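Novice: this is a predicted model, with the sequence first.
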Amino acid sequence: MKKILIIISALAVLVLLGLGCKKNFLDAKPSSAILQPTTLDDFQSLLENYNGSTSPALATLSADEYDFISYATYQSSFTATERNAFIWAKDIYAGATNVADWNTPYTAVFYANNVLAGLDKIHNSETNTSRYNYLKGWALFQRAFAYYELVDNFSPVYDANSAATDLGVPIKLNPSIDDIQPRATVQKTYGQILSDLNIAIPLLVTNIPVANREQPSKVAAHALLARIYISMRKYDLAEIQADSVLQLYNKLIDYNTISLTSAAPFTNTNDELIFYRTTVNYNTAITFINSHVTISPDLLALYAPNDLRFNIDFVARPTGAIVSKRQYDGTTTLYPFTGLATDEVYLIKAECAARRNDIPTALTYLNGLLIKRYVTNMFIPVVASTQADALNKVLLERQKELVWRNLRWDDIKRLNKEGANITLTRLLNGQTYTLPPNDPRYVFPIPDNEIQLSGIPQNPR
Amino acid sequence: MYNFYPKKLVQPPGCTLNILLIMKLTTLILITGILQVSANTFAQKVTLSEKNAPLKKIFEKISDQTGYDFLVSTENLKNAKAVTINVQNEELRLALDQIFAKQPLSFVIQEKMVVVSKKEPAAINKVKGANNIPVTITGKVTDTTGSPLQGATLKIKGSDKTALTNSDGLFSIVAQEGDEIEVSFIGYDPYSFKVKSEELSQRIVLHAKSSKLNEVSVISTGYQTIPKERATGSFTVIDNKTLNRAVSPDLLSRLNGVTNGLLIDNHITNPTNPVGISIRGRSTLFSNSEPLIVIDNFPYEGDINSINPNDIESVTLLKDAAAASIWGVRAGNGVIVITTKKGKVNSKPLVSFNTNLTIGGKPNLKYQPQLTSSQYIDVEKYLFNQGAYYQVGDDYEQISPVVAILNQQQLGQITAAQANQQINALKNKDDRDQLSQYFYRKSVSQQYHFDVSGGGQNQTYYFSAGYDNSLPNAVATSSSRITLKGNNTYRFLNDKLTLSTDINFTKSQTANNNAQGYNPIYPYEQVADANGNPLAVSGLGGSGIALRTAYRDTAGNGKLLNWQYRPLDELRNKTTTQTSDQNDYRILLGLNYKIFKPLSISLNYQYENINTKGDLDYSQQSFYARDLVNSYSQIDPTTGVVTTPIPSGDIYTPSVTNYQSNYGRGQLNFNQIFAAKHEINAIAGFEVRDEQTQSNSTTLYGYNPAIETSALVDNTINFPSYYANGAYTFQIGNPNSLYALTNRYVSYYANASYGYDQKYIISGSYRKDESNLFGVKANQKGVPLWSAGFAWNVDKEDFFKVDWLSSLKLRATYGYNGNVDQNLSAYLSARAAGLNPVYPNVNYSIITNPPNDALQWERVKNINFGVDFSSKNNRISGSLEYYIKNGIDLIGTSPVAPQEGVSTFTGNTADSHTNGIDLQINSVNINGAFKWMTTGIFNHVIDKVTIYKASRGTNSNLVSGSSGLTPLQGYPINSIFGFKWLGLDNTGAPQGVLNGVKSEDYASILNSTKTSDLDFFGSSVPTTFGSLRNTFSYRNFEFSFNISYKLNYYFRRASLNNTQLYNGNFQQPDYDLRWQKPGDELTTNVPALIYPTNPSSDAVYQYSSILVDKGDQIRLQDVQINYIFTKAKFKGLPFSSLNIYMYANNLGILWRANKNGLDPDVYAGYPTPKTIAIGLKANF
């Protein structure tokens, strides 16, 4: 009997020791570096990921703003993608997979979807309503911006007549990674983008967070809508959005206060910056620092003698190349600035006004911008007698002001839709390459591994 | 046939049976007390009061009281008479006299053992003939160390006459001339001699039985020790002698090539398994693939290289479910149990000292082919003429000396003749000559080890101290290790309570006085001029940008720091030092209490603390620091004042990592024999483990080592570069890094076996592990794993009467092991990544793991069949095993459509099937004064991915495979595929296959998903491997060599890569073989060089079938020579024995399948140089 008691008590001691404080013991977090995002701070840190603020670069690589200084430098350019995009080749990626131009916006969408799903799970209490709303608005803004850049690059330019049948991009609205989406129509894709932004606007803060311009605001959302509507050629809507921006924020920088020699004339908290964004990384062709591509001479010839932008935007390299300096993104990256800024909004406002034949308004905004770009007292205000003249002058200034901002390619696409009949040509090693208006090659191919792994249809080129 | 049968089977974990007997007599039983108590032969007292008790019971009682073991054959026990005895505190010998008086048996007391044998009839001198005169032969019997053997039997063949040696090993026997006398002793090879009248004094040395080198009778699982006979599972035991055959500071290289079922190979190296070690193939895809390492009772989480192999008694591999499932979720890759040395009861202090010196050759830097300087200059000239070097357009970017000369010539600064002269001077240089001369040396390592062990009646001890020092091939590096170990076992309360303590300390230090390192970037790069003076070269410093040497000469007009990089100065002045200092403490406590007869309880606890301190110091003089300071200095154009954001001083990064673990275990042990035939052994317990790792590192700028001060830096500003007019910017990174890891487990386990009449044994085990695995749903936190096994000792059956086979055992097991992937989670998880690089006032994080609700732990189903056998006299012995392992719910990674926002998906996506054979055969080919023994090991393992639910990816994914793994349903886990190859076309361009037809559409070939466009070769990991070891010995001399082989696998060899070459990588083979003119396609497969390059075309060639070679190879792994001087032979020796040995390793390839002279074991760099070691070991 005594022996049995001993056995039982020995077992009891063992089991008790074993069960003791197991509950809390196994709840310890295995790594301090691991974060299971549950709080608003956590979600903000996901939105701060810089994947949320990069744009595809194919448009800059394909547009007519630059040229290689020689065939040799063209050949020495590191990636086949850069060479192929320059000559609008049918196949751009030459077998490369995981193309950042396609992947990065989807990564931004994935982050936004995770934040939205996570926010759904937490209680929106009284005390954190404004921050909760802001983060939700931020995620929607981020998703909308990413989808806009995807549809802008990988689908035909918006055309109200064919948008219901043109192929847009796959739309993913939840964070799960095992559901493959087909390509939505262009109409549906734009519908999603506009819906996200319209939900976001009331949730976002009104003013630009001055020290953190990677964070969106109502100003940024309106500016993005203005950019989107103008690309859709919905000029009336674009103008409304531009007005919304300028009512809230209309600061311009007087370029007379900016160094003409500095390699990085602006900081990333400068007054014109509404929302920070740059392109994804490419090795050589579009880094501002390279010395083997040059801003095309035709474009450079457009700048008047007292235009401060020539020296603030460009610098000459020892090779004779003239390249873009760092822009409104400040000092941190080597890649073109693609974010939102007040100068673009002024030009949208001016263009829309010109298109509805309000020449005085168009010129007011155009000259309001340009006076800040010329040497003090040397600016001669632009005048225009006809609507066409006003529009052309606005578009010319748009080309000069928004140089190297990843916008030129979009402008060519939509202006050709308007009948501008712009044909791009490149002369390379004695061979002439031509891209006629509305060519299918204005739509970039979807990377091969996406096609293979999801089975969605490729763009015809 | 032998049998090893301890009466009491409870072994406190970690306490091996103190007698390992290897016997070859009749069926013997060893009756032993659970705890050894006695010591004194003269004062040993017993108290007995029995009536008609079986003799066996009497032996048990005496054994319990005295600690003496009884060795008796079953046959003799059967014939014994019942005993009636009543003695109080009687001296052992007298009590035994009384007991044996009426028995047909006699006894002899050896040191701590009573050997029982049949009573011999009174000696009768047979009359063999009138001429035969009896003679008295006297002599001494010793072992090879000269220690006398007490109780050795001398038997005159053909008669019953015997004699035994006394405590001094002396004997005296009367025989007749011409008689043959056989001398035998348990555990030793018998020896015979003919009686000659002129040789009446004999000195006889018996050799320990060596025919069963690898057979140890007890195996340790880390939870219990099991007599080998009772085991149902699959074990490989490496005994002390085999471990000490090789000379090395680490354990793994001593296991390599001698361990059945173990493969150590570069091709299985991955981040979780840095040494590339596997037991019975790979059981997982992307989770941890390293076997669990256990020392004595507990898992060892430190660096396996910090274990001193001289402290190790034996190593046991647990290979199947029955053997390993007791380790639960950590046993999926097998378990390596290390048993350390302990003291022995009642043993005088044994002192031994071991030292050796290993010298290794200089590495052959020219093993990897590269373009000659002349060839590379041709390439540079070609590229220069194509305008490829756009860097010449500015003044600061790095260009090679040749490009600089060509540029000067183009600009008219020098003439063509001058340019040619300068270039020709470079053509006959080879960077590897100076690299070898200045940066490499012969390696030297030394080892010293001292230990003392022994024990008294109630206590045993083992203390050791070791020191290893190594000067590796790289000139600036060194490493050292100090190990200390103290092990004590105490017995209290009449032996009911055993307390053991074990304290281990290891201090490992490494230093690299040239942490900046040096890699030439041109084949003609020179670090010293003809007089040995250091020369400046280009190179990366702290700024991370390689600048032109000419720019560095003139930049700043003398206002900046010296900006040149002279690798030899860096080496000689020790400007950049990196040190690591690791202290590893491991303390074990064990308590075992015998509650009452069949039941005992043991409590074990281990505390481990590993503290690693690392220092990386770029001194103020280092190129790294000078380059960083200069790169971000600004010179005021008017005042000439230099300002710099990098404070003057060293750039110093100290880091500390502290690992602490607490491990506790409570276990009940039950061992009972019922009715003589039913034996039950069971353990049940639980354990708790808590591991914490804390790490921090910080970078200090402006550090002054003399007064330990540093300066503040501003890490929120982007500073403009000095070169390129400030076009580049630099942000002093957030220098602090902190992290903490916590691993916790709670486990429950039980293990039981039942044996019937020593013939049939069934076993079973169960274990459940729960952990704090992050985010796994609560009901999946724990996973139950179990096993069952059966063994049949066929030789114990009455019907087993096979003359030539002395032992035969059959066994079979079934069960599950598990594996954990700590990096995964069912929930969305992220990692804090620091400050947003663009707006460094906010933090950002990175999603590391997308949500995966269905995540589960991996399991491995194991089935094992084994047969163990030995022939008569153990001339041939061995084991053959067949196993099947099925991986279930293996974690797989596969590419997903980028629209998902991630590029890979990781989850339970795969099942695998593995089967294989482990065969080991030991044979004694010649047995006599001259001995020849052979050990052959043959392992064959075939694996296959049976289910792979995730996407296979493109053919490009498949051929290039991350970490060598390309899981594809129906193919081996480590498959090698190649793009089908149709040679070159008449322009020298590769021709591949797309959709079954010849194609030069390289992008489509890469992105095809048709497996039929690929050739499948086989596994990239050896599927057949093993070794053949021959040992020859003559008296005290031993010589052995080991031949290892790896067969049935493939590897991809490098060839000329156009893109890499034109990007400046000159370390490429096959440049000579490239296509150069039409017609060459008939004789070569190396594509033409084209400019600009086409990376897709290069990839199709790089991963084509034409570059896949068979890896099969046979190597002469090592040679060992060993001579023992014994005191018996060399009277003046101040030691009881002195062992002198020589060991040569990495001796080279005997045969290889590939025709290109490649060593398939070389993954990168150069083959491991040959090493030769000499050493001596003295026992006092």
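Specialist: Sure thing, it's come through. Residues are numbered from 1 along each chain as shown, chains lettered A, B, ... in the order given.
Novice: check which residues of the longest helix anywhere in chain A are buried.
Specialist: In chain A, with assignment by DSSP state H, the single longest helix is helix A:129-154. Buried residues in helix A:129-154, counted by 16 or more other CB atoms under 10 Å in any protein chain shown: A:132-154. To be clear about C-beta, it is placed using only N, CA and C from the backbone, and glycine gets the same treatment.
Novice: tell me which residues form a beta bridge with residue B:48?
Specialist: With DSSP bridges applied, residue B:48 shows beta-bridge pairing to residue B:87.
Novice: burial of it, as a residue count?
Specialist: Neighbourhood size, residue B:48 [other CB atoms under 10 Å in any protein chain shown]: 19.
Novice: who touches it in this structure?
Specialist: With CB atoms under 8 Å, 6 or more residues apart in numbering or on different chains as the criterion, the residues that contact residue B:48 are B:58, B:61-62, B:85-87, B:90, B:95.
Novice: what separates it from chain A, distance-wise?
Specialist: To chain A, residue B:48 is 25 Å away according to CB to the nearest CB, to the nearest Å.
Novice: measure how far the next helix or strand after the longest helix of chain A is from the centre of its chain, please.
Specialist: Going down the chain from helix A:129-154, the next helix or strand is strand A:167-170, by DSSP states H and E. In terms of CA atoms, centre = their mean, to the nearest Å, the centre of strand A:167-170 is found 18 Å from the chain centre.
Novice: what packs against the helix or strand that comes right after strand A:167-170?
Specialist: Downstream of strand A:167-170, the next assigned helix or strand under DSSP H and E is strand A:183-185. Counting contacts by 3 or more CB pairs under 8 Å, 6 or more residues apart in numbering or on different chains; DSSP states H and E, strand A:183-185 packs against strand A:167-170.
Novice: how about the strand it packs on: buried residues?
Specialist: If you call a residue buried by 16+ other CB under 10 Å, then strand A:167-170 has these buried ones: A:167-170.
Novice: residue A:74 and residue A:428 touch, don't they?
Specialist: Yes: between residue A:74 and residue A:428 a contact is recorded at 6.2 Å, counting by CB atoms under 8 Å.
Novice: how many neighbours does the nearest residue in space to residue B:1102 that is not next to it in sequence have?
Specialist: Setting aside the residues directly before and after it, residue B:1102 is nearest to residue B:1057 in space (CB to CB, 6 or more residues apart in numbering or on different chains), at 6.0 Å. By the measure other CB under 10 Å, the count of residues near residue B:1057 is 20.
Novice: quick one: name the residues of the stretch 901-1050 of chain B near chain A.
Specialist: Neighbours of chain A within the stretch 901-1050 of chain B, by CB under 8 Å from any CB of the partner chain: B:901-903, B:905, B:951, B:953-954, B:956-957, B:1002-1007, B:1009.
Novice: please repeat the previous calculation with a cut-off of 10 Å.
Specialist: Counting by CB under 10 Å from any CB of the partner chain, the residues of the stretch 901-1050 of chain B close to chain A are B:901-907, B:950-957, B:1001-1009.
Novice: how about the stretch 101-250 of chain A: which residue is closest to chain B?
Specialist: Per CB to the nearest CB, residue A:110 is where the stretch 101-250 of chain A lies closest to chain B, at 2.2 Å.
Novice: may I see the buried residues of the helix or strand containing residue B:814?
Specialist: Assigned by DSSP H and E, residue B:814 belongs to strand B:805-819. Buried residues in strand B:805-819, counted by 16+ other CB under 10 Å: B:805-809, B:811-819.
Novice: near chain A, which residues of the stretch 251-400 of chain B?
Specialist: Residues of the stretch 251-400 of chain B lying near chain A (CB under 10 Å from any CB): B:383-397.
Novice: mind giving me the PyMOL select for these, buried ones only?
Specialist: The PyMOL command for the buried members of those (criterion: 16+ other CB under 10 Å) is given here:
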select buried, chain B and resi 383+384+387+388+389+390+391+392+393+394+396+397
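Novice: just name the closest of the residues of the stretch 251-400 of chain B next to chain A to residue B:1141, please.
Specialist: Closest approach between these and residue B:1141, by CB to CB: residue B:383, at 56.5 Å.
Novice: need the contact list for the residue nearest to residue B:1102.
Specialist: Residues in contact with residue B:1057 (CB atoms under 10 Å, 6 or more residues apart in numbering or on different chains) are B:1063, B:1065, B:1068-1070, B:1087, B:1093, B:1095, B:1098-1099, B:1101-1102.
Novice: so how far is chain A from it?
Specialist: 15 Å.
Novice: residues near residue 360, how many?
Specialist: With no chain named, the answer covers chain A. With other CB under 10 Å as criterion, residue A:360 counts 10.
Novice: right idea, wrong chain: chain B
Specialist: For residue B:360, the neighbour count with other CB under 10 Å is 22.
Novice: sorry, back to before: what touches both of residue A:74 and residue A:428?
Specialist: Common contacts of residue A:74 and residue A:428 (CB under 10 Å, 6+ apart): A:67-68, A:83, A:86-87.
Novice: now render those residues as JSON lines, adding distance to residue B:722.
Specialist: As requested, these are exported to JSON lines (distance: CB to CB, whole Å):
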{"residue": "A:67", "distance to residue B:722": "30"}
{"residue": "A:68", "distance to residue B:722": "28"}
{"residue": "A:83", "distance to residue B:722": "33"}
{"residue": "A:86", "distance to residue B:722": "33"}
{"residue": "A:87", "distance to residue B:722": "37"}
